[in-house]
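Colleague: Generate coordinates for the sequence data below:
(2 chains)
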Amino acid sequence: MIEGITALYIFMLAAFTGYEVIGRVPVILHTPLMSGSNFVHGIVLVGAMVAMGHAHGPLEQLIGFLGVMLAAGNAVGGYVVTERMLEMFKSSKGKN
Amino acid sequence: MDNIIEISYFVAAILFIVGLRRMSSPVTARGGIVWAGIGMLVATLITFFYPGMENYLLITVAIAIGGGLALWSGKKVAMTDMPQMIALYNGMGGGAAGAIAAVELLRGEFHSTTFLTLAVLGALIGSISFSGSLIAFAKLQGWMRRPMRFPGQQIFNVSVFLAAVALGGVLLTSADFSGTVILGFFVLALAYGIFMAMPIGGADMPVVISLFNALTGLAVAFEGFVLGNAAMIIAGTVVGSAGTLLTQLMARAMNRSIGNVLFSSFGATGDAGGEAVAGSMKPIDAADAGIMMAYAKKVIIIPGYGMAVAQAQHKIKELMEQLLARGVDVKFAIHPVAGRMPGHMNVLLAEADVPYDRLYDLDEINSEFAQADVALVIGANDVVNPTARSNPDSPIYGMPILNADYAQNVIVIKRGQGKGFSGVENALFFADNTRMLYGDGQAMVGELIHSIKTL
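Modeller: Below is the predicted model:
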């Protein structure tokens, strides 16, 4: 378990990382990057799997099932659309 | 095995951060998503070996259904509809965070009040993001045309939100995990998400989607703390802070504060500020417009969402090539909120193979309009409205605009005489140096190309 002050440290450092990573991004990449960060929080799939894996009784299982399904949609959908958008970035000097 | 799982999550977190970093430069962007994708794959696969897991079959089926539907819809969606798809997938993430919290609450085995608080907070934020994103999706998809407003709406919304928080408080203090309180809490949180997104106009939606994106990240991080999952904490927090910054950047590009977007009614004041503009709209035909551009030294093209709706981007690329072949300098001026989101227009033009080094953003291009012979406006409206510079009473006053009116000649391709997304009359269309080319975007650009070819 990650507890107390350690958790706070992780939270703070990750927050700064997020801010820095996106701070220098050109406007042309805002939509793909928003889509990319949307994909990254698809990691919620891992949590949904664990919650579902420990669920007992029909109600918990039903909610867990919905959670995993939604999370998988977030992860897969986020990847597919981001990849499709980024695929199209070419320069006039580049391949083609 | 525990160690291997922990290390895998750690590696996944690194891959996410490196992936996002690479996604913030056009040169490495394509690789970036692959890095992040590998991280996701590693984390997901290793989770099957998590200690004490049951329900493997159900988990696999759920992944197959959710992932399959998302794969199918993500491959199929048109580039113009990207923003609402992002909203939809984002909402799903928020819903998943809410579902995790619901399962944990029903189990009711919390080690400390801190974890319980985080679970409830994550549930609140995740549920709001879920239902709010669905409304955002419905609006951009065109299923809900008008913003829904009624008197006393803000007070009503705040009441719903406070009621949700109060029930969350009951969960915390009473530690009573019976179904009714939990159910009431989720219903109120979901309702608040709906009511929050309802009154927001279509033009502001990107900012709201970005905000929901950040909120989902935060909800994921909170649930990560509850489950003791480092990958969720780090990835969620990174997205939470990056998304917040991105939301601010978007709001700033539209000259609105986030509070303004959420709590003011933009379109409602639009009619009051739209008093008559002096002058008249002067039409031109495609042949003359084509000649004007063919003999120009410098042409700046200003594409808007209307261009994408008319599917004119491939024609625009052909027009660019024709003009380049005649030695005309062609540049594209991209307003930060052209399209439906910052960068959306770049994606749409990239799809049509317009090289990205011909695209210039507002700060780069605005000083060049004075030297341009022709500014071609296609499907853009509010972003070239000089009223934003001159009329303090206008609802769009102060929004940074592209100074198309400084060009020697302005040609506007437009379907009819209607107003823009904000409902404000556009003074540019009435200016002396502006000519209107009425018709469908794709057909008109086709005629321009024809006119230039036959010279």
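
Colleague: How far off centre is the lengthiest helix in chain B?
Modeller: When chain B is scanned for its longest helix (criterion: DSSP state H), the result is helix B:113-140. Remark: helix B:113-140 is offset 18 Å from the chain centroid, using C-alpha atoms, centre = their mean, to the nearest Å.

Colleague: Go through whatever helix or strand comes next after that helix and flag the buried ones.
Modeller: Downstream of helix B:113-140, the next assigned helix or strand under DSSP states H and E is helix B:153-174. Along helix B:153-174, these residues count as buried under the neighbour rule (16 or more other C-beta atoms under 10 Å in any protein chain shown): B:Asn157, B:Val160, B:Phe161, B:Ala163, B:Ala164, B:Val165, B:Leu167, B:Gly168, B:Val170, B:Leu171. Where C-beta positions appear, they are placed from N, C-alpha and C, glycine not excepted.

Colleague: and the angle for helix B:153-174 with helix B:113-140?
Modeller: Relative orientation of helix B:153-174 versus helix B:113-140 (axes from the mean of the first three to the mean of the last three C-alpha atoms, to 10 degrees): 150 degrees.

Colleague: elements contacting helix B:153-174?
Modeller: helix B:113-140, helix B:179-197 (3 or more C-beta pairs under 8 Å, 6 or more residues apart in numbering or on different chains; DSSP states H and E).

Colleague: Which of the ones you listed sits closest to B:Phe16?
Modeller: helix B:113-140 (18.8 Å; C-beta to C-beta).

Colleague: Now do B:Glu54: how many residues are near it, please.
Modeller: 13 (other C-beta atoms under 10 Å in any protein chain shown).

Colleague: Would you mind measuring the gap between the ends of stretch B:327-336?
Modeller: One end of stretch B:327-336 sits 28 Å from the other (C-alpha to C-alpha, to the nearest Å).

Colleague: does chain A sit close to that stretch?
Modeller: Yes: using C-beta under 8 Å from any C-beta of the partner chain, stretch B:327-336 comes into contact with chain A via B:Ile334, B:Pro336.

Colleague: Please work out the average pLDDT along that stretch.
Modeller: For stretch B:327-336, mean pLDDT is 91.

Colleague: Quick one: work out the angle between the longest helix of chain B and helix B:179-197.
Modeller: Counting by the same axes, to 10 degrees, helix B:113-140 points 40 degrees away from the direction of helix B:179-197.

Colleague: ok, and for helix B:113-140, which residues are buried?
Modeller: Neighbour-count burial for helix B:113-140, counted by 16+ other C-beta under 10 Å, picks out B:115-137, B:139-140.

Colleague: One more: stretch B:334-353?
Modeller: Neighbour-count burial for stretch B:334-353 flags B:334-352 (criterion: 16+ other C-beta under 10 Å).

Colleague: How about stretch A:66-73?
Modeller: For stretch A:66-73, a neighbour-count test (16+ other C-beta under 10 Å) marks A:Leu66, A:Gly67, A:Val68, A:Met69, A:Leu70, A:Ala71, A:Ala72, A:Gly73 as buried.

Colleague: With stretch B:282-293 instead?
Modeller: Buried, per 16+ other C-beta under 10 Å, within stretch B:282-293: B:Ile284, B:Ala286, B:Ala289, B:Gly290, B:Met292, B:Met293.

Colleague: next one: stretch B:50-69
Modeller: B:Tyr50, B:Asn55, B:Leu58, B:Ile59, B:Ala62, B:Ile63, B:Gly66, B:Gly67, B:Leu69.
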